[in-house]
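> Show me the folded form of this:
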Amino acid sequence: MEKLHIPYPVIVEGKYDRLRLLTVMEGQILTTDGFGLFKKKEKLALFRALARKTPVIVLTDPDGAGKLIRAHIGSAIPKERLIPLYVPKIAGKEDRKAAPSAEGVLGVEGQEQALLRELLQPFAERELPPRAPITKADLYEDGLTGSEGCTARRAALAEAFGLPGDMTPNALLAALSVVATYEEYKAAVARLAE
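A predicted model of the protein is given here:
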């Protein structure tokens with residue numbers, strides 16, 4: 001079965017939720033790292049930056065933890081920029097786990113592919129437009145890594161996109177590839193050089 005092309009970033013709790021969604025869709029899928037979201041200001045800043053550009057889909061587990069994570073994201077992003085999707089509360093246990101969750105319900109990773117497709121179908125596009133990637137080589141060539149003053153230039157670039165200025169090069173690259181096109185990245189780099 002062909003995967004759905006989802007133009008909006010999808011935020012899920014963990015890597016197994018992400019892997020499950022990748023079986024039914026193509027597009028950006030970001031994780032909160034569970035409750036790690038509460039400690040990592042970079043993650044929340046990335047989600048805010050994304051929401052300024054495009055609506056974001058939030059799909060968390062149907063348990064208390066999922067509800068808290070969803071509320072935390074909702075407190076940081078305007079409601080009109082959120083697309084909340086919900087999976088049903090189904091009693092059970094994911095195959096990879098030895099015991100069921102505390103509430104005994106399946107998370108996103110345990111949901112049937114057909115149900116996930118049905119949830120995402122209204123947001124699918126026929127094709128995703130091709131997008132030139134921003135690479136580590138671009139960061140190096142543009143003086144954002146491996147040169148004198150690169151930390152300050154990286155901080156200025158991050159802040160230009162509404163991201164935390166203290167991001168590592170790898171974290172910045174990952175964030176830029178989601179919040180900026182290659183052309184937007186190059187334009188911002190050119191403005192820094194002025």
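> C-alpha from now on. contacts and neighbour counts both.
Will do.
> So in terms of bridging, what pairs with the residue most central in space within the chain?
Centrality entry for the chain: nearest residue to the mean C-alpha point is Leu30, 2.7 Å, by CA atoms, centre = their mean. Beta-bridge pairing of Leu30 under DSSP bridges involves Ile11.
> do you know how far it is from Val58?
Taking CA to CA, to the nearest Å as the measure, Leu30 falls 10 Å from Val58.
> swap in Arg96?
Distance of Arg96 to Val58, computed by CA to CA: 24 Å.
> Pick out the least confidently modelled helix or strand of this structure, by mean pLDDT.
Within the chain, confidence by mean pLDDT, DSSP states H and E is lowest for helix 169-179 among all helices and strands, at a mean of 83.
> From the contact counts, what lies against that one?
Counting contacts by 3 or more CA pairs under 8 Å, 6 or more residues apart in numbering; DSSP states H and E, helix 169-179 packs against helix 41-53.
> Could you find the closest non-adjacent residue to Gly27?
Sequence neighbours aside, Ile6 is the residue nearest to Gly27 in space, at 5.4 Å (criterion: CA to CA, 6 or more residues apart in numbering).
> Helices of this protein, residue ranges please.
15-22, 41-53, 64-76, 113-120, 136-141, 150-160, 169-179, 182-193 (DSSP state H).
> Is it possible to get TSV of these that adds distance to Leu82?
Conversion of those to TSV gives the following (distance: least, CA to CA, whole Å):
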stretch	distance to Leu82
helix 15-22	18
helix 41-53	8
helix 64-76	8
helix 113-120	14
helix 136-141	31
helix 150-160	23
helix 169-179	16
helix 182-193	23
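> looking at those helices, which has the lowest confidence?
Ranked by mean pLDDT, those bottom out at helix 169-179, with a mean of 83.
> burial count for Glu183?
13 (other CA atoms under 10 Å).
> just Ile83 next, same as before
As a burial measure, Ile83 scores 14 neighbours (other CA under 10 Å).
> With the one 3 residues further on instead?
As a burial measure, Tyr86 scores 13 neighbours (other CA under 10 Å).
> quick one: contacts for the closest residue in space to it that isn't next to it in sequence?
Leaving aside its chain neighbours, Tyr86 sits nearest to Leu59 (6.0 Å; criterion: CA to CA, 6+ apart). Residues in contact with Leu59 (CA atoms under 8 Å, 6 or more residues apart in numbering) are Val10, Ile11, Val12, Glu13, Arg70, Pro84, Leu85, Tyr86, Val87, Val108.
> check contacts around Gly34.
Counting by CA under 8 Å, 6+ apart, Gly34 has contacts Glu13, Gly14, Ile69.
> Buried ones among those residues?
Glu13, Gly14, Ile69 (16 or more other CA atoms under 10 Å).
> now the residues you listed in JSON lines, with distance to Thr145?
Compiled in JSON lines, these are given as follows (distance: CA to CA, whole Å):
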{"residue": "Glu13", "distance to Thr145": "31"}
{"residue": "Gly14", "distance to Thr145": "30"}
{"residue": "Ile69", "distance to Thr145": "34"}
